[in-house]
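Trainee: using only what follows, build the 3D model:
(one chain, ligands or ions: 1)
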Amino acid sequence: MKIAIINGPNLNLLGKRETDIYGNMSFDKYMEELKAQYPQVSFHYYQSNIEGELVNEIQRIGFEYDGIILNPAAYTHTSVAIGDAIAAIKTPVVEVHISNVHAREDFRKLSHVSGKSVGSIFGLGLKGYELALQYLLSRK
Ligand code: DQA
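Mentor: Alright, predicted model coming up:
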């Protein structure tokens with residue numbers, strides 16, 4: 001089972017960034033734990049702060065992976081291009097947000113990604129990535 005996790009802008013700062021909202025754990029540490037817990041999964045992790053690079057990566061892996069867990073971060077609310085990329089590929093995408101985007105500023109309530117994804121998880125912290133993974137594993 002090949003699963004890609006793709007994170008958008010500023011998520012490279014997890015563990016340091018607004019820790020009251022996003023927690024204290026770095027994503028590298030979280031990935032280590034996930035890999036140890038799911039040895040049967042072949043993980044690919046990609047993070048970029050650049051919209052076009054995220055589109056390129058979604059296109060590149062979107063026909064060969066079994067699932068993509070995608071947190072486009074701020075681009076969720078602005079990027080028609082990322083929404084279009086998800087619609088263009090074959091691999092199912094689960095949208096994940098660490099924070100509860102519906103309990104924050106109004107501009108975070110709009111997602112260009114939700115309608116193109118098989119489902120969305122928000123507000124469950126880093127645990128949301130694992131829950132998305134469990135869903136993707138259960139589809140097979
Ligand atoms: C986020 C929520 C977005 O609104 C925000 O821009 C982020 C992170 C989340 O995981 O909660 O950078 O996607």
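
Trainee: now do the buried residues in stretch 124-134.
Mentor: For stretch 124-134, burial by neighbour count (16 or more other CB atoms under 10 Å) applies to Leu124, Gly125, Leu126, Gly128, Tyr129, Glu130, Ala132, Leu133. For every residue, glycine as well, the C-beta is placed using N, CA and C.

Trainee: pretty sure the fourth one is touching Ile121, no?
Mentor: Yes: between Gly128 and Ile121 a contact is recorded at 4.2 Å, counting by CB atoms under 8 Å.

Trainee: what do the two both touch?
Mentor: Residues touching both Gly128 and Ile121 by CB atoms under 8 Å, 6 or more residues apart in numbering: Val96, His97.

Trainee: report whether the longest helix seen in the chain contacts the ligand.
Mentor: In the chain, taking DSSP state H as the definition, the longest helix is helix 127-139. No: counting by CB under 6 Å from any ligand atom, the ligand is not contacted by helix 127-139; separation bottoms out at 8.0 Å.

Trainee: distance of Glu130 from Glu105?
Mentor: Shown here: Glu130 relative to Glu105, a distance of 27 Å by CB to CB, to the nearest Å.

Trainee: and what of Ser138?
Mentor: With CB to CB as the criterion, Ser138 and Glu105 are 33 Å apart.

Trainee: what do you get for Asn49?
Mentor: Separation of Asn49 from Glu105 (CB to CB): 20 Å.

Trainee: one more: Val93?
Mentor: Noted for Val93: a distance of 24 Å to Glu105, by CB to CB.

Trainee: out of the two, which sits in the more crowded spot?
Mentor: Ranked by neighbour count (other CB atoms under 10 Å), Val93 and Glu105 place Val93 first, with 28 against 8.

Trainee: quick one, helices of the chain?
Mentor: Taking DSSP H as the test, the helices found in the chain are 19-22, 27-37, 51-61, 80-88, 127-139.

Trainee: let me know whether the first one sits next to the ligand.
Mentor: No: counting by CB under 6 Å from any ligand atom, the ligand is not contacted by helix 19-22; separation bottoms out at 6.8 Å.
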